[in-house]
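Asks: Sequence and computational prediction follow.
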Amino acid sequence: MLLQIKAAIKYLLSFAKSDWKASDYPVRFRYQDPEKSERSPGRLQPIPWVAQIINWWQMSGHGQTKQEAYGDLEKAIERLKESGKSLPRPGTGLPIEFASNIEISGYENIAQEFFHKVLDLDYRECWVSDESSLWDFHSEETNDHLNQKILDIYGVNVSDIENGNLVKVFEKISTRHSRV
């Protein structure tokens, strides 16, 4: 209830201007005690502070301190503004948008085999988009173990795809298969 009151106040105040920044939005801070969180091995460590915009939950910032989280939130809002997208009125939000999966769907046969052989997962039970990457499926410091597995199984070196984008990985595998 208190969050919605905060959102309503920011909503009403938003009519006084049209160029909004982070301070114009209702923000909720959450602390996630790293000592109480499940720690995963490798690069995926809990970040203690989260700053989220009320009613626009997908817009958030993270940091080691409350101030860092808020600063990260400010940067996220500025990046969105610079991209030319319009911001929702403070106190309101935007629906969650899923990334496109048009390109990846063109590699469905490769993806099903790849997920089974390389990731030990069922492709049909995963949400995979055009922006999904190898990084999304492990917590290790590098993709080296998966790059090696892909080389062993498919005879394709994907270590040059630094971001591990699956569309690019499948494209390379597909190109190799069409030449064989």
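Replies: Perfect, I can see it now. From a predicted model like this one, the values you see are computed outputs, not experimental measurements. Residues are numbered from 1 along each chain as shown.
Asks: ok, which stretches of the protein are helices?
Replies: Assigned by DSSP state H, the helices in the chain fall at 2-13, 66-82, 102-105, 108-114, 144-154, 166-179.
Asks: Could you list the domains of the chain?
Replies: 2-82, 102-179 (automatic domain parsing).
Asks: now the end-to-end length of the first one.
Replies: With CA to CA, to the nearest Å as the measure, the first residue of domain 2-82 is 32 Å from its last.
Asks: Output the below-cut-off pLDDT ranges for this structure.
Replies: 37-42, 44, 177-180 (pLDDT under 70).
Asks: The helices of the chain: which one's closest to residue 95?
Replies: helix 66-82 (14.9 Å; CB to CB). Glycine gets a C-beta too; all of them are placed from N, C-alpha and C.
Asks: what does the closest one rub up against?
Replies: For helix 66-82, contacts defined as CB atoms under 8 Å, 6 or more residues apart in numbering pick out 21-22, 25, 27, 29, 31, 47, 49-53, 59-63, 87.
Asks: could the domains of the chain go into TSV alongside distance to residue 91 and mean neighbour count?
Replies: Shown next, in TSV, are the domains of the chain (distance: least, CB to CB, whole Å; neighbours: other CB atoms under 10 Å):
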stretch	distance to residue 91	mean neighbour count
domain 2-82	3	15
domain 102-179	29	15
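Asks: do you know which of the ones you listed lies nearest residue 94?
Replies: Using CB to CB, those put domain 2-82 closest to residue 94, at 6.0 Å.
Asks: quick one: residue 33 from residue 127, how far?
Replies: Relative to residue 127, residue 33 is positioned 29 Å away (CB to CB, to the nearest Å).
Asks: Could you export the helices of the chain as a markdown table, including distance to residue 121?
Replies: Output for those, formatted as a markdown table (distance: least, CB to CB, whole Å):
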| stretch | distance to residue 121 |
| --- | --- |
| helix 2-13 | 36 |
| helix 66-82 | 30 |
| helix 102-105 | 14 |
| helix 108-114 | 9 |
| helix 144-154 | 12 |
| helix 166-179 | 12 |
